[in-house]
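Novice: Please work out how this folds:
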Amino acid sequence: MEPSKISASEEAIRTTQLGIGISVILIFVKGIFGYFGHSYALIADATESGADVISSGFLWLALKYAQRPADKGHPYGHGKAEPVAAVLIGIFLLAAAALISYQAVGYIRTPHEAPKPFTLAVLVIVILTKEILFRYVFAVGKRIGSNAVKADAYHHRSDAITSVAAFIGIGIALVFGAGYEGADDWAALFACLFIVYNAIKIIRPAFSEIMDGAPSDGLILKISNIASSNAAVKRVEKCYVRKMGLDYYVDMHIEVDGKINVFEGHEVAHRVKDQLLASDLGVKDALIHVEPYMN
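Specialist: Next up is the predicted model:
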């Protein structure tokens with residue numbers, strides 16, 4: 001693996017480890033204060049953080065596996081482990097939403113004490129922590145082009161959203177008093193809608209990557225323009241690009257002067273490939289097919 005890719009993979013792993021460490025701390029903070037503060041929304045928040053840790057653990061393992069070099073059984077490498085991890089993260093988000101919804105309905109139907117005021121202070125700390133973590137992890141995922149890391153970031157955003165909902169619910173229960181004890185349970189239930197939304201937002205692009213969906217038109221255009229910049233290339237007839245983990249693989253048909261010999265055409269194809277691999281677009285390999293240019 002190229003040094004730049006190794007550093008990108010290591011950055012993704014370090015970011016995931018950071019998220020796991022912070023989420024573990026928040027599980028205990030939210031669970032303990034939720035229990036003693038009589039707030040199910042805070043306990044539900046701890047459950048969501050637990051899902052964060054499990055899914056981030058899957059991502060960690062997937063990123064380590066994706067670093068393995070290509071072999072006889074996997075000639076294109078092991079990069080597909082990365083979008084598979086993103087899909088699993090989305091599924092864990094859906095599972096967490098289902099669990100929180102089920103437990104919230106049970107608490108709504110069961111009378112209980114109003115939450116304690118100190119739970120609001122805990123939630124403010126949690127919201128700020130998770131929002132900062134989301135922005136940092138998402139920025140890393142965007143910079144290195146990892147859907148799985150961006151998916152992990154949305155886990156932290158979902159955690160922040162459930163905390164905001166819990167804050168509103170507890171605030172209502174405290175302000176309006178008797179009869180509104182279940183407001184934070186309703187808040188937990190409402191937050192599940194946002195968790196489901198984020199899960200779908202994570203799963204769709206990751207599934208597209210698994211199915212070798214084409215990347216953005218902008219990226220394809222940049223790749224085609226690099227090939228076209230070669231004076232010997234008369235036209236880029238086809239350009240197919242697919243993503244494999246943090247890398248892109250290109251299948252391209254170029255048209256050259258039909259009067260040149262096979263060796264010269266082969267040299268043109270090699271120059272185009274070398275240009276693509278030397279670019280900053282993350283192209284790992286390129287298969288260049290040469291065709292005669294027809295006026």
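Novice: Look at L123 and say how many residues are nearby.
Specialist: 29 (other C-beta atoms under 10 Å). Quick note: C-beta positions are derived from backbone N, CA and C, even for glycine.
Novice: wait, L99
Specialist: Residues near L99, counting by other C-beta under 10 Å, number 16.
Novice: do A166 as well
Specialist: 33.
Novice: and the helix or strand harbouring it, how far from the chain's centre?
Specialist: Taking DSSP states H and E as the criterion, A166 maps to helix 147-176. Centre-to-centre, helix 147-176 and its host chain are 18 Å apart (C-alpha atoms, centre = their mean, to the nearest Å).
Novice: And the residue nearest the centre of this protein?
Specialist: The chain has A151 as the residue nearest its centroid, 2.2 Å off, counting by C-alpha atoms, centre = their mean.
Novice: Per-residue confidence, it, what does it come out as?
Specialist: A151 carries a pLDDT score of 77 in this model.
Novice: Surely it and I202 touch.
Specialist: Yes: using C-beta atoms under 8 Å, A151 makes contact with I202 at a distance of 4.1 Å.
Novice: Give the next helix or strand downstream of the helix holding A166.
Specialist: By DSSP H and E, the next helix or strand past helix 147-176 is helix 183-210.
Novice: Which secondary structure elements does that following helix sit against?
Specialist: Helices and strands touching helix 183-210, by 3 or more C-beta pairs under 8 Å, 6 or more residues apart in numbering; DSSP states H and E, are helix 40-66, helix 81-108, helix 147-176.
Novice: Can you list the buried residues in the host helix or strand of R143?
Specialist: Using DSSP H and E, R143 sits within helix 118-144. Within helix 118-144, the residues scored as buried using 16 or more other C-beta atoms under 10 Å are 119-120, 122-123, 126-127, 129-131, 133-134, 137-138, 140-141, 144.
Novice: Can you list the low-confidence ranges for the protein?
Specialist: By pLDDT under 70, the low-scoring segments of the chain are 1-7, 41, 48, 111-112, 295.
Novice: Name the single longest helix found in it.
Specialist: helix 3-36 (DSSP state H).
Novice: CA atoms only: put stretch 94-101 into PDB for me.
Specialist: What follows is stretch 94-101 as a C-alpha-only set of coordinates in PDB (Å, rounded to 0.1, in the frame of the first residue of the first chain):
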ATOM      1  CA  LEU A  94     -31.600   1.200  13.200                       C
ATOM      2  CA  ALA A  95     -31.400  -1.500  16.000                       C
ATOM      3  CA  ALA A  96     -30.600   1.200  18.600                       C
ATOM      4  CA  ALA A  97     -33.600   3.200  17.400                       C
ATOM      5  CA  ALA A  98     -35.900   0.200  17.700                       C
ATOM      6  CA  LEU A  99     -34.600  -0.700  21.200                       C
ATOM      7  CA  ILE A 100     -35.000   2.900  22.500                       C
ATOM      8  CA  SER A 101     -38.500   3.200  21.000                       C
END
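Novice: so how far is that stretch off the chain centroid?
Specialist: On C-alpha atoms, centre = their mean, the centre of stretch 94-101 falls 19 Å from that of its chain.
Novice: go on, stretch 166-180?
Specialist: Offset of stretch 166-180 from its chain centre (C-alpha atoms, centre = their mean): 34 Å.
Novice: For that stretch, list every residue counted as buried.
Specialist: Using 16+ other C-beta under 10 Å as the test for burial, stretch 166-180 gives A166, F167, I168, G169, I170, G171, I172, A173, L174.
Novice: Report how many residues lie close to the residue nearest to the fourth one when sequence neighbours are not counted.
Specialist: I take that to be G169. Once flanking residues are discounted, G169 sits nearest to A187: 2.6 Å by C-beta to C-beta, 6 or more residues apart in numbering. Residues contacting A187 under the criterion other C-beta under 10 Å number 26.
Novice: Fine by me, thanks again.
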